[in-house]
Each structure stands twice: as structure tokens, then as C-alpha cells.
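>>> fold the stuff below for me.
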Amino acid sequence: MALTTKQVDNAKPQGKPYKLADSAGLCLLVSRSGAKLWRWRYHFEGKEKMMALGQYPIVSLAEARERHFAARKILAAGTDPMAERKAVAEAKRRESEARQREIENSFEKVARKWWDWWAADKSPRHADSVLRRLEADVFPAFGSRFIDAVTPADIRELMLAIEGRGARDVAKRAHEIAGQIFRYAIARGIASRNPAADFKPRDILAAAREENFAHIDAKGLPTLLVKMQAYDGDALTRLAMRVLAYTFVRTSELIEAEWPEFDLDNARWDIPAERMKMGTRHIVPLSRQSVEILRALHLLTGSCRFVFPGTYDKKRPMSKNTILFALYRMGYKGRMTGHGFRGLASTILHENDFAGEHIELQLAHQMRNKVAAAYNHAKYLNQRAAMMQWWADYLDAQLAKGKERQSSAEGKGAAISGLSSRP
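Down below sits the predicted model:
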């Protein structure tokens, strides 16, 4: 007769273990301590075996029968149920270990290990900048993924998303940094391949819009600044060149500037969308030096509509060629343009580890997503203000360097002249 729940409940311990049979080899083993254990006796390949199916009441009579039935089906299929259960348990253990390895070797955890190793000999500013880019863009995209589960498509989608907000240079850097992290992981046996190596940024990003305006390199900057300060032409032109150098806006944006656009007390210049090449409002944080020049300019042209009015017609802005021709007069024809300050600033700021996105926003470069561009005019404004002040201070330092060179050269020239004039 099959067991009933009441019989199982009423089974009491005795002087030695005993069994209560159910059916087809299933039984309840009652130990001397009173523990009630489900067991199944079966034969496999001529050997008698005893399989544990759980303990009552955790495993009820009904559930014990279900487990017994499932085990009998396995046996009927020609497999040892106990060996099968052991194999399943082993597979689950391995799966659990694999999941744990994936958690321990998530892209973010490996990336942070890479950063600790990589940042050891880098400037704190540069290292922090790279970590911020990872935390802002890369980790949210696939940081929690097992590093070997990250695909080229994941990296591609990340880059396109960054490019979509107008930060093409940041997208390129994300590709470069991801590649470095994968190489680090491969070298240490953590990853098996580098998905970033499957394509180059130019394979997916829109071609960069080239601004092929002549400009000197950083080495020539001290001499140029000295010549700009000593320019003997119109004072308004000299001041326009200085403001252009400090703000690196487009020449047209500078010469068409109107006084209502400036808030000198808050060191800010808001260029309206209709005056911008890309048709979106642009904010220029003004350095201390820029504010000083503009306050001086206000004494000269504050009664005019334009900050830089024309020489002969004050109701019109300065000619577009005024700054260019001034540079020609200083000997820079074919070597430097007003627009060239933009390329020069971009190069030097990148070389000094300023965030690419901050630089691109300050340059007001075109965004693929025009809606995003309309809202990004004030993005990273504090960081951009700090960057613009650094740039102005950098220019002043280069001007001082140029003066020192000039003074030294004049001193040597005088000494040589003195020697040659001796009898």
C-alpha cells in the first residue's frame, strides 16, 4: 500500500533506522534521530544503488513522488539518475563560476585596472580626464558586460552616439581608449580579442569638416604676439587681433559683434544664433584679459552699434580683410590668418589635455544632431570658462617669452656692434 501523509507525519524514531515503503522502490527512511529521508532503491548495470530525494517535510510526499518519477524516466532512458544529477550539478557549478568570472572581468572592472596601471606615469590632469570620459560615456554603454562579450557593434554604437552630440574628437578618443583597454586585457589573459581593432574611426564617423586656414605652429606664437602688440597700424585693428587671439571665434563673428551681446560684469559674450555659421546660439566665456580689452574698447566705440566699427562708416562693421591685411603687413602672408587662431588654439588645448568635447563646443563646430546643438550652447560652461582663462594666460606667457627672445637678440646685436666698432 502506498504511503499517506498521515503515516509519514506519525512515523516515530526507533532504536535503529527503519524504512516505510511507498511504491516502485521509493521509501521513507526514519533515522534514530527522527529525521525522515526520502530514498529510492534502484539497479543500474547490475548494481544496486540508493538515491536521496530530499528530507521530509521540506520535500512533501507529493514532491518526493514527482522526483521519483523523474528519476525513473531517466533510468528508463538508459542513464544512471545519480550520475545525471551529478553532471547537472557540475554544469551548474561551472556556469556559476563562469558568471562570477564575467562579473569580475566586466569591461568596467578591467578598464579601471588598466587605468590604475596606465595612469602611473601620466599627469593627474590627463589621467583624470580619461577616467571622466570612461565614466561619462563608455561605462554606461557596456561597462557591466563581460569584456569578451563586447562587440565591434557596441563600440560603433557608442562612437555614433558621442558623435551625435557634436563631439567627433571625443568619439575617436573613445575608440582609442577602448582599444588600449582590450590590448591590456589580452596581454594578461583576461580577454581573447580586441573588437576595436576591427575598424578605424574614419570607417564610421562622418568626415571631419576641414578648415584649411593657414596658421603658424606653437613655436612661432611668441614672435607673432610680440609683433601684434607692436603693430603700428590702427589701434582698433590691434585690439581686434588681441580679442580674436584670446577668444578664437571666427573672424566674422568678431567683427560683427555688437555691444548688447556682452555682459562684461559676468565675463560672458552671447553670440545670437543668426550670427553663427551653424545657426545656433554660442556662448564665449571671457578671460580676464578679454574683459580688460573690451572695457578699454567701450571707451572708444561704446557709442557705436558695433564693437569694431568700420574706419570710414561707423554704422558698418570693420572690413573682413582688416585683420588679414594687418597680418600681411607684419610679414605673415600665406602663414597666418585671423581664422588660424582657431586651429592653433585647438591644437594647443588638445596637447595640454583639455577635454575634446569642451574644445569642440567652444569652437562651435557643427553637430550632426541640430536639436542637441541648440541645447548644448551652455554645456560644460564652467569647464570652458576655466579653459578660456588658461588659454589667455598661456598667450600672455608666450608674449613674455617672445619679448625675452627679442630683448636677448637685441642685446647680442648691440654687443656684436660694440665689438665691431672698436679700433
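>>> in the stretch 51-200 of the chain, which ranges drop under the pLDDT threshold?
Where the stretch 51-200 of the chain drops to pLDDT under 70, the residues are 96-98, 100-103.
>>> which stretches of it form helices?
For the stretch 51-200 of the chain, applying DSSP state H, counting those that start in this stretch gives helices covering 61-76, 81-104, 107-118, 124-133, 139-142, 152-164, 168-187.
>>> mean neighbour count and distance to residue 40 added to the ones you listed, as CSV?
For every residue, glycine as well, the C-beta is placed using N, CA and C. Below are the helices of the stretch 51-200 of the chain laid out as CSV (neighbours: other C-beta atoms under 10 Å; distance: least, C-beta to C-beta, whole Å):
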stretch, mean neighbour count, distance to residue 40
helix 61-76, 16, 5
helix 81-104, 12, 8
helix 107-118, 18, 45
helix 124-133, 15, 59
helix 139-142, 17, 48
helix 152-164, 18, 49
helix 168-187, 20, 48
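>>> count the neighbours of residue 302 for me.
Per other C-beta atoms under 10 Å, the neighbour tally for residue 302 reads 11.
>>> give me the low-pLDDT residue ranges for the stretch 301-423 of the chain?
Applying pLDDT under 70 to the stretch 301-423 of the chain picks out residues 366-377, 412-423.
>>> show me where it has helices.
Applying DSSP H, counting those that start in this stretch to the stretch 301-423 of the chain gives helices spanning 322-329, 340-351, 356-363, 370-375, 381-420.
>>> among these, which is the most enclosed?
Per-stretch averages of neighbours, counted by mean count of other C-beta atoms under 10 Å, single out helix 356-363 among those, with a mean of 23.
>>> quick one, domains of the chain?
Following automatic domain parsing, the chain resolves into domains at 5-101, 107-203, 218-416.
>>> residue nearest the centroid of this structure?
Centroid-nearest residue in the chain, with C-alpha atoms, centre = their mean: residue 133, separated by 2.6 Å.
>>> is it true that that residue touches residue 171?
No: Residue 133 lies out of contact with residue 171 (C-beta atoms under 8 Å); the separation is 10.5 Å.
>>> burial measure for residue 230, as a count.
By other C-beta under 10 Å, 11 other residues sit near residue 230.
>>> do the same with the one 4 residues further on
Residue crowding around residue 234 was assessed by other C-beta under 10 Å; the count is 13.
>>> how about it, what does it touch?
residue 311 (C-beta atoms under 8 Å, 6 or more residues apart in numbering).
>>> can you give me phi and psi for it?
Dihedral angles of residue 234 (phi, psi; degrees, to the nearest 10) stand at phi -60, psi 130.
>>> avg pLDDT for stretch 241-255?
Stretch 241-255 carries an average pLDDT of 94.
>>> ok now that stretch, how far from the chain's centre?
Chain-centre distance of stretch 241-255: 30 Å, with C-alpha atoms, centre = their mean, to the nearest Å.
>>> which of the residues in it are buried?
For stretch 241-255, the neighbour count (16 or more other C-beta atoms under 10 Å) marks 241-251, 253-255 as buried.
>>> out of these, who's nearest residue 277?
Relative to residue 277, the closest of the buried residues of stretch 241-255 is residue 250; by C-beta to C-beta it sits at 6.4 Å.
>>> that closest one is in contact with residue 282, isn't it?
No: applying C-beta under 8 Å as the test, residue 250 and residue 282 come out as separate, 9.8 Å apart.
>>> joint contacts of those two?
Between them, residue 250 and residue 282 share these contacting residues under C-beta under 8 Å, 6+ apart: residue 364.
>>> buried set for stretch 259-278?
Neighbour-count burial for stretch 259-278, counted by 16+ other C-beta under 10 Å, picks out 259, 261, 262, 267, 268, 269, 271, 275, 276.
>>> wait, which of those residues is closest to residue 26?
Taking C-beta to C-beta as the measure, residue 276 is the one of the buried residues of stretch 259-278 closest to residue 26, at 83.1 Å.
>>> who does the closest residue to the closest one other than its chain neighbours bridge with?
Among residues not flanking residue 276 along the chain, residue 282 sits closest, at 5.2 Å (C-beta to C-beta, 6 or more residues apart in numbering). The partner list for residue 282 in beta bridges (DSSP bridges) reads residue 271.
>>> list the residues that contact residue 282.
The contact partners of residue 282, taken as C-beta under 8 Å, 6+ apart, are 253, 270, 271, 273, 276, 364, 377.
>>> first to last residue in stretch 32-50, what's the distance?
By C-alpha to C-alpha, to the nearest Å, the extent of stretch 32-50 from end to end equals 19 Å.
>>> list of residues touching it?
Stretch 32-50 is contacted from outside by 8, 11-17, 19, 25-31, 51-57, 59, 64, 67-68, 71-72, 75, 80-82, using C-beta under 8 Å, 6+ apart.
>>> hmm, which of those residues are the buried ones?
Using 16+ other C-beta under 10 Å as the burial test, the contacts of stretch 32-50 include 8, 11, 25-30, 51, 53, 56, 59, 64, 67-68, 71-72, 75, 80-82 as buried.
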